[in-house]
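Student: Give me the fold of what follows.
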Amino acid sequence: MALGAQAGEARLRAVLTQGGFTRIRCAAQTPFNLILEAGQNAGGQTTGKLSAALIVRTTEGDWQDVDLRVDASVEPLRDLRQLVERHYALQAIIRAERLAKKGASADARASLSEALRRSYGWDRIWRRAARLAMEMGDGDRAMDYLGVFLSINPVWANTELRDDIYRPLRERTLFKTWSRRGN
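Tutor: Below you'll find the model as predicted:
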């Protein structure tokens, strides 16, 4: 855990103490918002609250690591929380896609639900959810996900509606309505 360029051992100890941590290992098991608030309370950014970052280095390294940053934000901690949630949404949708390919439909749906809950309106997650629902043979859910996707990003969604993966939905009244709007 690091707390900006000025972070030193004293600041790290203050964060751990104020956060109620007794060991470094406990920090990983603590809700994200408490860690951020402890960091901010221990001094945080000395030039004003404009940015926040989270860097997690794993023993595996590479793609398992997390390196997220928010700059020039009015509420950087809130925005970083949302960015972290979107990171986990991406991990969950990838997991759902893999589980669906293995035929573990119930587990795939659970991961898909997690992805959507954590997406904070990220259009890419809703698009992938619609495609996954189609791959799993669930046209009704695909329609629900497409509806949200269309409300978030109508331009991209109208392009998406033309994809052959949605051919089984093209005779549905709502799908026809969406398609006419995009033309």
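Student: Which stretches in this structure count as strands?
Tutor: 52-56, 66-70 (DSSP state E).
Student: Distance from the first one to the middle of the chain?
Tutor: If I follow you right, that is strand 52-56. In terms of C-alpha atoms, centre = their mean, to the nearest Å, the gap separating the centre of strand 52-56 from the centre of its chain is 15 Å.
Student: Buried residues, that strand. List them.
Tutor: 52-54 (16 or more other C-beta atoms under 10 Å). In this view, the C-beta of every residue, glycine as well, is placed from N, C-alpha and C.
Student: same check, this time on stretch 139-152
Tutor: For stretch 139-152, the neighbour count (16+ other C-beta under 10 Å) marks 139, 141-150, 152 as buried.
Student: quick check, nearest of those to Tyr120?
Tutor: Within the buried residues of stretch 139-152, the smallest distance to Tyr120 is 10.4 Å, found for Ile152 (C-beta to C-beta).
Student: thought the closest one was touching Gly121?
Tutor: Yes: at 5.5 Å, Ile152 counts as touching Gly121 under the criterion of C-beta atoms under 8 Å.
Student: closest one to Leu77 among the strands of the chain?
Tutor: Among the strands of the chain, the nearest to Leu77 by C-beta to C-beta is strand 52-56 (5.3 Å).
Student: Read off the pLDDT value for Val74.
Tutor: Predicted confidence (pLDDT) for Val74: 90.
Student: ok, so what distance separates it from Ile55?
Tutor: 22 Å (C-beta to C-beta, to the nearest Å).
Student: Quick check: phi and psi at the nearest residue to Ser51 once chain neighbours are set aside.
Tutor: Among residues not flanking Ser51 along the chain, Asp71 sits closest, at 4.5 Å (C-beta to C-beta, 6 or more residues apart in numbering). Backbone geometry at Asp71, expressed as degrees, to the nearest 10, gives phi -120, psi 160.
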